[in-house]
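K.L.:
Curious how this folds, go ahead:
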Amino acid sequence: MKTLSGKGKVSGLTLIELLVVIALIAILAAMLLPALSDRGSRHSTTVFCMSNQRQIAIALELFQSDHDEKYPWQVSITNNGSLELMAKGLASDRYSTLAAYLGNQPRTLICPADKARQAATNFSSLTNTNISYFLNLDVITNMNSILTGDRNLEFAWRQINPGIFIQTTNTVLKWMAGFHGPQTKPYGVISFADGHVQVIQQNYLNQTLQNQPLATNRFCFP
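P.N.:
Next comes the predicted model:
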């Protein structure tokens, strides 16, 4: 029977080499974890934003069912609408009519990624500064017709101001950085008349706008 030679060695890592490997793994983990955490955070805010806009879409559908299939801005204030307030161009006037349909939860109107806005304490004190989403005042019953969307849109290199913005099929808009997505690839969330909600990437934004069933739409920005 053969015996192992005393000169034979078992290959493996020395203690110093093992410590070096562990140190390298720790350095790589420290570099990767913040990026992964940031991605996770962006993902969660997008999910919350989609949920908010879905709830708003449902609230508007419920309002319609109670008001002869009309939206709040098509109904007189005597019937809990905001028709007579159209000239002011305030998004808050439209959203205030949805208080009961949103369970009196004004936080639904705030996107977690919109750090410049804070939720109102109640709907009676609601202003544009408590809202993250624009409304399409010309929305019609069509799956391609935009209902709501993130306010972080810019036109001609400037963020769109609060009030009524006229969008046509020739209008070129861009998502602003600083809300959803990384600085180099921002995106936004949009809800549609049939109630579905989508994440719209920058390169599909204007295609979505051009697919609107109406040639002109009045977007009411907060």
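
K.L.:
Can you show me the helices along the chain?
P.N.:
All helices of the chain, identified by DSSP state H, fall at 15-66, 91-96, 202-210.

K.L.:
weakest of those helices in terms of mean pLDDT?
P.N.:
Ranked on mean pLDDT, the bottom entry among these is helix 15-66, at a mean of 73.

K.L.:
Can you tell me how far I58 is from T168?
P.N.:
When distance is defined by C-beta to C-beta, to the nearest Å, I58 is 29 Å away from T168. In this view, the C-beta of every residue, glycine as well, is placed from N, C-alpha and C.

K.L.:
Which one's more surrounded, those two?
P.N.:
Under the criterion of other C-beta atoms under 10 Å, the comparison of I58 against T168 puts I58 first, with 15 against 12.

K.L.:
how far away is the more buried one from G103?
P.N.:
Distance of I58 to G103, computed by C-beta to C-beta: 11 Å.

K.L.:
S124 too?
P.N.:
Counting by C-beta to C-beta - S124 and G103 are separated by 15 Å.

K.L.:
ditto for M176
P.N.:
Distance of M176 to G103, computed by C-beta to C-beta: 30 Å.

K.L.:
more neighbours, the two?
P.N.:
M176 (17 against 11).

K.L.:
Just the local confidence number for that one, please.
P.N.:
Model confidence at M176 (pLDDT) stands at 94.

K.L.:
Not counting residues beside it along the chain, what's closest to it?
P.N.:
In this structure, M176 finds its nearest non-sequential neighbour in N152, 4.3 Å apart by C-beta to C-beta, 6 or more residues apart in numbering.
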